[in-house]
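*Asks:* predicted model follows, preceded by the sequence.
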Amino acid sequence: MKVLLVNGSPHKEGCTYTALLEIAGALDKNGIETEIFHIGVKPISGCTACGYCMSNGVCVVRDGVNKFIAKSKKADGFIFGSPVYFASASGSLTAFMDRAFFSSLGGVFRGKPAAAVVSCRRGGATAAFDQLNKYFSISQMPIVTSQYWNMVHGFVPDDVKKDLEGLQTMRTLGNNMAWLLKCIQAGRAAGIEPPEQEKRIATNFIR
């Protein structure tokens, strides 16, 4: 089993990475393979609403989003990490997730556990945390929780390393993710299949 951890910060090894690394360590101890996927610093386009992905399964914009979608097909769980900018996730990660999740409406993410992690200097963490969780809830992904909201505090990585409660929250999240993945695996081995999907109903509120 494998968990893909997405680093949505422009800093490859900054505060967000430090939090993700703590989670990865807990997953590794539980025998779960991990990979940290950095979205990078190159500009990431927002969704252009062209509809290309609806018939092709990939985004028309050729950047790291399609690479991530390809990796997602082989992943069993996801952690999305972001710094907090103006009480929200980074613009790059927001654009990245908008396109990745819309391109994958066919079910790449459905049924796979996910969690959000946010890193902030001081405030705005819960708003960003709520924002990211909405991607999972609309995609039928079990949301993995911890002993507190998944946040760490600090301006630089050394600050995050001093946030002992935050780091413990990350480790607990990793342990809970590993436990849920193993439960899902055990369920499949026992013949428990995912629920059948009804044909989606889309209602527009126009009268």
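*Replies:* Perfect, I can see it now. Numbers count the residues shown, from 1 in each chain.

*Asks:* buried set for the helix ranked longest in the chain?
*Replies:* Ordering each helix of the chain by length in residues (DSSP state H) puts helix 164-189 first. By neighbour count on 16 or more other Cβ atoms under 10 Å, the buried set for helix 164-189 is 166-167, 169-178, 180-181, 184. C-beta: built from backbone N, CA, C; applies to glycine.

*Asks:* for stretch 39-53, same thing?
*Replies:* Ile39, Ile44, Cys47, Cys53.

*Asks:* which residues sit in contact with the second one?
*Replies:* Shown here is Ile44, whose contacts under the criterion Cβ atoms under 8 Å, 6 or more residues apart in numbering are Asp63, Gly64, Val65, Ser92, Ala95, Phe96.

*Asks:* check which helices and strands the helix or strand containing the third one sits against.
*Replies:* When secondary structure is defined by DSSP states H and E, Val65 falls within helix 64-72. Applying 3 or more Cβ pairs under 8 Å, 6 or more residues apart in numbering; DSSP states H and E, we find helix 64-72 packed against strand 2-7, strand 33-38, helix 91-103.

*Asks:* can you tell me which of the ones you listed is packed in deepest?
*Replies:* strand 2-7 (a mean of 24; mean count of other Cβ atoms under 10 Å).

*Asks:* what packs against that strand?
*Replies:* helix 15-29, strand 33-38, helix 64-72, strand 77-85.

*Asks:* a markdown table for the buried residues of stretch 39-53, including distance to Ala114 and pLDDT?
*Replies:* Converted to a markdown table, the buried residues of stretch 39-53 look like this (distance: Cβ to Cβ, whole Å; pLDDT from 0 to 100):
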| residue | distance to Ala114 | pLDDT |
| --- | --- | --- |
| Ile39 | 16 | 96 |
| Ile44 | 20 | 94 |
| Cys47 | 20 | 92 |
| Cys53 | 20 | 87 |
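
*Asks:* so Arg99 versus Val41, what's the distance?
*Replies:* Per Cβ to Cβ, to the nearest Å, Arg99 is found 17 Å from Val41.

*Asks:* let me redo that: Leu167
*Replies:* Counting by Cβ to Cβ, the gap from Leu167 to Val41 is 26 Å.

*Asks:* same deal with Arg200?
*Replies:* Plainly put, Arg200 is 36 Å away from Val41 if you go by Cβ to Cβ.

*Asks:* which other residues reach the helix or strand of the chain with the lowest mean pLDDT?
*Replies:* The least trusted helix or strand in the chain, going by mean pLDDT, DSSP states H and E, turns out to be helix 52-56, with a mean of 86. Here helix 52-56 makes contact (Cβ under 8 Å, 6+ apart) with Val58, Cys59, Val60, Arg99, Phe102, Ser103, Leu105.
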